[in-house]
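1. how does the following fold in three dimensions:
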Amino acid sequence: QVQLVESGGGLVQPGGSLRLSCAASGFTLDYYTIGWFRQAPGKEREGISCISNSDGSTYYADSVKGRFTISRDNAKNTVYLQMNSLKPEDTAVYYCATSRVATLIMEIYDYWGQGTQVTVSS
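-> Down below sits the predicted model:
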């Protein structure tokens, strides 16, 4: 069974850090580009980062550039999103997903995880 499972979310104060994990089962992550998306209440889901399987290239939305870092550990079949300098506007449900193309366009992605909640608040 193909499955993506996100973990690592939680409550953090502004300026704090979290590391999200996206673990795959039933398939090998290194065949895919992996993207991270987020959806805040009342807002559309947005692509924030992805990492290519072909050459490891990384891409970031302007809203997280310089604060978030995506990485992959193929041996662990896991992709990570290190989030630093968190802001209240980063509060959202975070999802990972697979794609054959390195893009932040949501519609290109096929398999999705169930999401993990990140709340940035004092």
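2. C-alpha only now, for contacts and for neighbours.
-> OK.
3. can you tell me the SS state at the residue nearest the centre of the chain?
-> The centroid of the chain falls nearest to residue 36 when counting by C-alpha atoms, centre = their mean (2.6 Å). Under DSSP: H, G, I helix; E, B strand; the rest coil, residue 36 falls in the strand class.
4. contacts for stretch 75-93?
-> 13-25, 28-30, 34, 36, 38-41, 67-73, 115-121 (C-alpha atoms under 8 Å, 6 or more residues apart in numbering).
5. likewise stretch 29-42?
-> 45-54, 74, 77-79, 81, 91-104, 106.
6. among the residues you listed, which ones are in strands?
-> The strands, defined by DSSP state E, take in 46-51, 78-79, 81, 92-99 from the contacts of stretch 29-42.
7. residue 26 - how many residues pack around it?
-> Residues lying near residue 26 (other C-alpha atoms under 10 Å) number 9.
8. just the one 5 residues further on next, same as before
-> If you count neighbours by other C-alpha under 10 Å, residue 31 ends up with 14.
9. pLDDT below threshold where in this structure?
-> Within the chain, no range satisfies pLDDT under 70.
10. separate out the buried members of the contacts of stretch 29-42.
-> 45-53, 78-79, 81, 91-99, 101-104, 106 (16 or more other C-alpha atoms under 10 Å).
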